[in-house]
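K.L.:
okay, here's the prediction I keep looking at, along with the sequence it came from:
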Amino acid sequence: MAPLTYLQAISAALRDELRDDERVLIMGEDIGAFGGAFKVTDGFVSEFGPERVMDTPLAESGIIGTAVGAAVVGMRPVCEMQFSDFISCGFDQLVNVAGKMHYRQGLAVPITVRLPSGGGFSGGPFHSQNPEGWFMHAPGIKIVAPSTAEDAKGLLHTAIRDPNPVCYMEHKHLYRRIKGEVPEGVFETPLTARVARSGSDLVVIAYGAMVHTALEATEDLEGASIEVLDLRSLVPLDEDAILDSVARCSKVVIVDEANATCAAGAQVAALIAQRGFEDLDGPVVRVATPDVPIPFSPPLEQAVLPSVDRIREACHELLEY
Amino acid sequence: MATQTAQATARTGGAVGHLQVEDRIWLLRAMLLMRGIEERAMTLYRQGKVPGSFYDGFGQEAVSAGAAFAMAAEDRLCILHRDLAAHIVRGVTPARIFAQYMGRETGITAGRDGNVHFGDYRVGCVGMVSMLPDMMLVATGMAMAFKIRGEQRCALTWFGDGSTSRGDFHEAMNWAGVQRLPVIFVLENNQYAYSTPLDKQFAVDPVERAAGYGLVGVTVDGNDAEAMFEATHDARERALAGDGPTMIEAVTMRMHGHAAHDDMKYVPKELVEEWRKRDPIEQQEARLREIGVDVDALRAEVTEEINAAAQEALQAPMPDPAKATEGVFCEGEAEPLRDGQAPWSGFSGAAG
């Protein structure tokens, strides 16, 4: 065990996979000589060489499309989007080529797409998005979103070893803020939810950075026993774990940092309405970013992102219901 | 494939370029199968047995037959919707192709996708998506893997004149040029993208853009299967020698509408008539008759094969609706593409 930051855990997983499996290569913009915009691959090129730590042309469709080609002839490409926002330029290759390949022709596409996501640091409309909902709606793509250093490593191993396209949502705001004990060597974190704190009066369901915001918001809520469920995987969604928490707590607040409409939390809310209705003792409450682009200026950005106060208030109101 | 009748009547001699007589017959056979299968499929479509729409490559048979014929078993192909002959060259049987068109369980995609939207991974092929030219990037990625692993292999894909307007064309040409990859891009210039003619598609002939990306660009008569073979063979040799990608512009004509519903009123009749005189199958037949090949016997064999295949496919079951939601994800090990058939005699050492 060694204490690692969330970012160091991602680097460690990539390094382990490159050492372990010669089929693994990582591809992205400025990831080689420069070590990546966030330094996730700092120093990699000297250990693994420029072909396995590939500085690509500035072409997101090209990164995903060529990764698909390399994957179907036996490689295990890991693509880095410099910012998750830029995946819009590779949307077609991911959704139409990679996502539908196995269903259409029985051909697996083992690619991992790393998506540095999320706001909170004045990144503005094109460096702050949480695009996971776009891909939840597209069949054939798995989506994971770690919130801890341990899961950042374990879920990346799982993603790279999965025979399907996997979007790995890594939250930029957690990179250096979150630190934790991480087992050494390769370990695969299952694509299931994790109880971040157990409780019995109300459950807050979240993923990624919002797990930490939810934990902070509910640390001391006038003595109420608040559970926090960390989804970890959005596709597949751990429906049993969600329904189990709802059955035990009866009240549920769902938090998304993404824009509210059709977000992951909307799917969770629909699931609970459909299959957990009898266990509810109050309305399903959602806290999410309203449907606006993420603004640049700090007071504007803080006004839209779910905050500790907004989550606390939502929980408080629901507890009183 | 059985071409004994034709081969037996072929005179000795008659080899041309890198092609032996049996290769030249093979090319004709692939083109005849493509045309015959597509004509029969159009009938099945009109009879309501092929759902959706139907797209064919009438008049363009030489482009896919010739290019695919130059590719080795261990090479990989991303095949487009007017390239049926490539599937035939790689070893996909006519019965499975008919079953594919009719959405049957025994089709290549088992009813998951229709038309020519298929690629049989068992023979080293990846099926296209409708967003063109996405497969240019996929082929580029295959070639990238071959280069990284130091393998003597090549990837090839086709794309159309309309495709040259989209970004993936640029990204693939640029990427392949930057990394000097063993990939071949075959531009199937059939004069129209749906109803849009070339002068509304680009200001500069795309083959001239090849140099701008660091690629060799060559223009070939796309209605000449043997010329297509030779150009692709050369491109493959260049790729394997480490000399990078080639763009081959195959100049041809889409002789039918974009799809079954399209009467092609927007195409001048004279243009179609002019191209009809350059039919790729008639050209190849004339060459083979010249050297004494019994072309009529070959045609009869092909017709018989198509009849049997269509019957087999018509009797194949429809897919089970209970399976409609299965197979979205791969549950086991990812199995990469396998080798296909490579009938060119040069691969078995018979030609040089």
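P.N.:
Cool, the structure landed. Worth saying up front: this structure is predicted, and the values here are computed from it rather than measured.
K.L.:
okay, now B:Gly242: neighbour count?
P.N.:
B:Gly242: 11 surrounding residues under other C-beta atoms under 10 Å in any protein chain shown. For every residue, glycine as well, the C-beta is placed using N, CA and C.
K.L.:
would you map the helices across the stretch 151-300 of chain A?
P.N.:
A:209-217, A:239-249, A:264-275, A:298-304 (DSSP state H, counting those that start in this stretch).
K.L.:
oops, could you answer that again for the stretch 101-250 of chain B instead?
P.N.:
Going by DSSP H, counting those that start in this stretch, the stretch 101-250 of chain B shows helices at B:134-148, B:167-179, B:206-209, B:225-240.
K.L.:
tell me the buried residues in the shortest one?
P.N.:
The neighbour-count check on helix B:206-209 (16 or more other C-beta atoms under 10 Å in any protein chain shown) flags B:Pro206, B:Val207, B:Arg209 as buried.
K.L.:
of the helices of the stretch 101-250 of chain B, flag the one that's most buried.
P.N.:
helix B:134-148 (a mean of 29; mean count of other C-beta atoms under 10 Å in any protein chain shown).
K.L.:
by contact count, what packs against that one?
P.N.:
Taking 3 or more C-beta pairs under 8 Å, 6 or more residues apart in numbering or on different chains; DSSP states H and E as contact, the helices and strands that helix B:134-148 lies on are helix A:60-72, strand B:76-79, strand B:155-160, helix B:167-179, strand B:183-189.
K.L.:
contact partners for residue 62?
P.N.:
With no chain named, the answer covers chain A. Taking C-beta atoms under 8 Å, 6 or more residues apart in numbering or on different chains, we find A:Gly62 in contact with A:Thr56, B:Leu137, B:Thr140, B:Asp168, B:Glu171, B:Ala172, B:Asn174, B:Trp175.
K.L.:
oops, chain B please
P.N.:
Counting by C-beta under 8 Å, 6+ apart, B:Ala62 makes contact with B:Leu27, B:Met31, B:Gly222, B:Asn223, B:Asp224, B:Ala225, B:Met228, B:Ala250, B:Thr252, B:Pro280, B:Gln283, B:Gln284.
K.L.:
what's the helix or strand for it?
P.N.:
helix B:61-69 (DSSP states H and E).
K.L.:
next to chain B, which bits of the stretch 151-300 of chain A? Give me the list.
P.N.:
A:Pro163, A:Asn164 (C-beta under 8 Å from any C-beta of the partner chain).
K.L.:
taking the stretch 151-300 of chain A, what residue is nearest to chain B?
P.N.:
Minimum separation of the stretch 151-300 of chain A from chain B (C-beta to the nearest C-beta) falls at A:Pro163, amounting to 3.7 Å.
K.L.:
about what we covered before: rebuild the contacts of A:Gly62 as a markdown table, extending it with distance to A:Ala264.
P.N.:
Shown next, in a markdown table, are the contacts of A:Gly62 (distance: C-beta to C-beta, whole Å):
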| residue | distance to A:Ala264 |
| --- | --- |
| A:Thr56 | 29 |
| B:Leu137 | 29 |
| B:Thr140 | 33 |
| B:Asp168 | 29 |
| B:Glu171 | 30 |
| B:Ala172 | 33 |
| B:Asn174 | 35 |
| B:Trp175 | 33 |
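K.L.:
now for those residues: which two are most distant?
P.N.:
Pairwise distances across the contacts of A:Gly62 peak at 14.4 Å for A:Thr56 and B:Asp168 (criterion: C-beta to C-beta).
K.L.:
was I right to think B:Ile281 contacts B:Glu38?
P.N.:
No. With contact defined as C-beta atoms under 8 Å, B:Ile281 does not reach B:Glu38; the gap is 11.9 Å.
K.L.:
tell me which helix or strand of chain B sits lowest on mean pLDDT?
P.N.:
helix B:4-9 (a mean of 46; mean pLDDT, DSSP states H and E).
K.L.:
helix or strand for the closest residue to B:Leu33 other than its chain neighbours, which one?
P.N.:
Leaving aside its sequence neighbours, B:Leu33 sits nearest to B:Ile88 (C-beta to C-beta, 6 or more residues apart in numbering or on different chains; 5.1 Å). Assessed by DSSP H and E, B:Ile88 sits inside helix B:84-90.
K.L.:
send me that helix as PDB with only the CA atoms.
P.N.:
The C-alpha coordinates for helix B:84-90 follow below in PDB (Å, rounded to 0.1, in the frame of the first residue of the first chain):
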ATOM      1  CA  LEU B  84     -19.300  -6.600 -52.900                       C
ATOM      2  CA  ALA B  85     -16.600  -8.300 -55.000                       C
ATOM      3  CA  ALA B  86     -14.100  -7.700 -52.200                       C
ATOM      4  CA  HIS B  87     -16.200  -9.900 -49.900                       C
ATOM      5  CA  ILE B  88     -16.300 -12.600 -52.500                       C
ATOM      6  CA  VAL B  89     -12.500 -12.400 -53.000                       C
ATOM      7  CA  ARG B  90     -12.000 -12.800 -49.200                       C
END
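K.L.:
please enumerate residues in contact with it?
P.N.:
In contact with helix B:84-90 (C-beta under 8 Å, 6+ apart) are residues B:30-31, B:33-34, B:37-38, B:56-57, B:61, B:64-65, B:67-69, B:71, B:77, B:79, B:94, B:97, B:116, B:118-120, B:123-125, B:158, B:340-341, B:343.
K.L.:
so which of the residues you listed sit within strands?
P.N.:
Within the contacts of helix B:84-90, residues falling in strands by DSSP state E are B:Leu77, B:Ile79, B:Cys125, B:Trp158.
K.L.:
out of the residues you listed, who's nearest chain A?
P.N.:
For those, the nearest to chain A is B:Cys125 (9.0 Å; C-beta to the nearest C-beta).
K.L.:
show me chain A divided up by domain.
P.N.:
A:2-182, A:194-320 (automatic domain parsing).
K.L.:
out of those, deepest packed?
P.N.:
domain A:2-182 (a mean of 22).
K.L.:
pLDDT averaged over stretch A:121-128, what's the number?
P.N.:
Computed over stretch A:121-128, the mean pLDDT rounds to 96.
K.L.:
between the two ends of it, what distance do you get?
P.N.:
8 Å (C-alpha to C-alpha, to the nearest Å).
K.L.:
still on that earlier bit, give me the number of residues near the residue nearest to B:Leu33?
P.N.:
27.
K.L.:
residue 71: what's it in contact with?
P.N.:
Just so you know, I chose chain A. Counting by C-beta under 8 Å, 6+ apart, A:Ala71 makes contact with A:Pro77, A:Ala108, A:Val109, A:Pro110, A:Ile111, B:Gly141, B:Ala334.
K.L.:
let's do chain B instead
P.N.:
B:Leu77, B:Val89, B:Cys154, B:Leu156, B:Thr232, B:Arg236, B:Ala342.
K.L.:
coming back round to it: mind putting the helices of the stretch 151-300 of chain A in TSV, mean pLDDT included?
P.N.:
Below are those laid out as TSV (pLDDT from 0 to 100):
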stretch	mean pLDDT
helix A:209-217	98
helix A:239-249	98
helix A:264-275	98
helix A:298-304	98
